[in-house]
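# Got a predicted structure here, sequence first:
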Amino acid sequence: MRFEGRCWVFGDNIPTDRLVKPEYVFEPVEVMAKHVLEDLDPRFPREVASGDIVVTGRHFGQSSGRAIAAKALAATGIGCVVAESFARTFYRNCFEIGLPAVEVRGITALATPGAPLRVDLTSGEVTDPASGATGHGAPADPFLVDMLAAGGLIALARKRPELFATPAEG
């Protein structure tokens, strides 16, 4: 699970309502994607490209537990999200919908807006290829990597139903 792409850098404490404004939550995900993070950087929804990497500060995705915010972010085509820290529910939602996410302390100091960034989810390593500077986070749990490889929680349940079977009652 390796990614390389141009990075978009955002700050701390970004709630899900800043990812997707409330007036768009009942729209199709393709419509929501055209407005993701537009309050923080109006260029983002217009210029984000497939494989780009979103870099954020502390507590990204706070507030609502709506998975729709992670879905809208994924619908922009980004490769992954790297944050100083995530709100726990948002972090889980990312993996459940198939959006790679990794926490790396100091990532906002390492990332340069618009510059390439390399992310290795299985090692937790993030590298600026231009300078060689590297940040280290916790590697993704193998179960979460399997979930991402399958395309999310529902896809994993379809692919490997034995993981979700309940013990037979005796």
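Received it, and whenever you're ready, just let me know what you need. If you're wondering where the values come from, they're calculated on a predicted model, not measured in any experiment.

# gap between V81 and R158?
Taking Cβ to Cβ, to the nearest Å as the measure, V81 falls 25 Å from R158. Placement of C-beta: from N, CA and C, glycine included.

# can you check K71 too?
18 Å.

# So for these two, which residue has more residues nearby?
Between K71 and R158, counting by other Cβ atoms under 10 Å, K71 is the more crowded of the two (20 against 11).

# I'd assumed the more buried one was in a strand, is it?
No. The assignment for K71, made by DSSP: H, G, I helix; E, B strand; the rest coil, is helix rather than a strand.

# Please report the distance of it from L19.
K71 sits 10 Å away from L19, going by Cβ to Cβ.

# now G135
Using Cβ to Cβ, G135 is found at 23 Å from L19.

# What of T89?
For T89, the distance to L19 - Cβ to Cβ - is 13 Å.

# More neighbours: those two, which one.
Ranked by neighbour count (other Cβ under 10 Å), T89 and L19 place L19 first, with 28 against 18.

# which non-adjacent residue is nearest that one?
Spatial nearest neighbour of L19, chain neighbours left out: A69 (4.3 Å); criterion: Cβ to Cβ, 6 or more residues apart in numbering.

# How many neighbouring residues does the one you found have?
A69 has 26 neighbours, counted by other Cβ under 10 Å.

# F60 is in contact with that one, correct?
No. Using Cβ atoms under 8 Å, A69 is not in contact with F60, being 10.2 Å away.

# Which neighbours do the two have in common?
F90 (Cβ atoms under 8 Å, 6 or more residues apart in numbering).
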